[in-house]
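Visitor: Quick one: sequence and predicted model below, then my questions.
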Amino acid sequence: VDVEVQESLLAENDHLAGHNREHFREAGLLALNLMGSPGSGKTTVLEATRARTDLRLSALSADLATDRDAARLQAAGIAARSITTGSACHLDARMVHEALHHWDAGWDADVLCIENVGNLVCPAIYDLGQDANVIVLSVTEGPDKPLKYPVMFRKADLVLLTKIDLLPYLRGMDVEDIRAALERTMPEVRMIPLSAETGEGVADWVGWLEGRRNAVASRATAAAADRDIMVQPG
Ligand SMILES: Nc1nc2c(ncn2[C@@H]2O[C@H](COP(=O)(O)OP(=O)(O)O)[C@@H](O)[C@H]2O)c(=O)[nH]1
Ligand SMILES: [Mg+2]
Ligand SMILES: [Zn+2]
Ligand SMILES: [Zn+2]
């Protein structure tokens with residue numbers, strides 16, 4: 001695509017992402033953009049989260065061709081909907097807006113998790129209106145991925161390093177190598193190593209999630225108080 005067309009598409013997306021952001025604020029919802037390679041463990045981490053928190057979770061799962069992830073999340077007790085993108089290798093703000101339209105269960109939650117298409121490239125370029133970017137990176141992908149896909153890691157608020165139960169089987173792979181690569185790409189390194197298999201580290205992730213959720217909830221309370229002051233007569 002030609003550069004000007006590309007720029008105007010991105011400008012339109014940013015505009016719609018801003019619109020989504022207003023919806024999320026109004027609903028007092030923490031919205032997360034969950035990105036990572038195919039098979040890094042995005043869906044599994046959500047399943048494991050559901051069992052370990054009282055937060056009400058809803059999820060949108062993007063997939064090129066199936067709704068299998070949404071079905072898995074529903075089976076785990078998460079209100080979930082799929083977005084089938086067809087040939088598109090990333091979500092954009094319009095797809096998210098459409099999927100959330102008239103979906104009460106999606107809004108009736110504390111945290112909306114948007115599982116993006118498995119891809120370390122363009123999902124990072126399209127703002128969806130989320131409060132935070134969470135990258136799910138598995139130990140089996142090797143320590144160099146942050147260096148090879150710097151655009152995505154530069155925008156990450158948190159990296160979940162998954163499948164740490166497999167570390168004993170991976171030669172030449174350790175958590176400190178990943179941290180070193182993140183230090184070269186993430187503005188402020190925030191990484192939580194975890195295993196959905198053993199449950200190790202999941203409590204740290206839930207702690208992060210609850211902290212972010214509380215920040216959104218207090219922001220919503222403050223905004224409501226402002227509105228009350230403004231509508232008071234006299
Ligand atoms: N050993 C191990 N396997 C995992 C872990 N998390 C996910 N997996 C496996 O990795 C595969 C891909 O996981 P999935 O959640 O579907 O990845 P997604 O494509 O990123 O959503 C599945 O077979 C999972 O069972 C983990 O912590 N440890
Ligand atoms: Mg998945
Ligand atoms: Zn709208
Ligand atoms: Zn794409």
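Guide: Yep, it's here. Ligands and ions are numbered 1, 2, ... in the order given.
Visitor: which helices and strands does the longest helix along the chain pack with?
Guide: When the chain is parsed with DSSP state H, its longest helix is helix 202-231. Helix 202-231 sits against helix 3-27, strand 30-35, helix 42-50, strand 191-193, with contacts defined as 3 or more Cβ pairs under 8 Å, 6 or more residues apart in numbering; DSSP states H and E. Just so you know, the C-beta spots here come from the backbone N, C-alpha and C atoms, and that holds for glycine as well.
Visitor: any idea how far the nearest residue to V96 once chain neighbours are set aside is from H102?
Guide: Nearest in space to V96, with sequence neighbours left out and distances taken as Cβ to Cβ, 6 or more residues apart in numbering, is L128 at 4.9 Å. As for L128, its distance to H102 is 18 Å (criterion: Cβ to Cβ, to the nearest Å).
Visitor: higher neighbour count, these two?
Guide: A side-by-side neighbour count of L128 and H102, using other Cβ atoms under 10 Å, places L128 first with 26 against 8.
Visitor: circling back to that earlier point, now distance to V121, mean neighbour count and mean pLDDT too, for the helices and strands packed on helix 202-231, in JSON lines please.
Guide: Supplementary listing: those in JSON lines, determined by distance: least, Cβ to Cβ, whole Å; neighbours: other Cβ atoms under 10 Å; pLDDT from 0 to 100:
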{"stretch": "helix 3-27", "distance to V121": "14", "mean neighbour count": "14", "mean pLDDT": "94"}
{"stretch": "strand 30-35", "distance to V121": "10", "mean neighbour count": "26", "mean pLDDT": "98"}
{"stretch": "helix 42-50", "distance to V121": "16", "mean neighbour count": "22", "mean pLDDT": "98"}
{"stretch": "strand 191-193", "distance to V121": "21", "mean neighbour count": "19", "mean pLDDT": "98"}
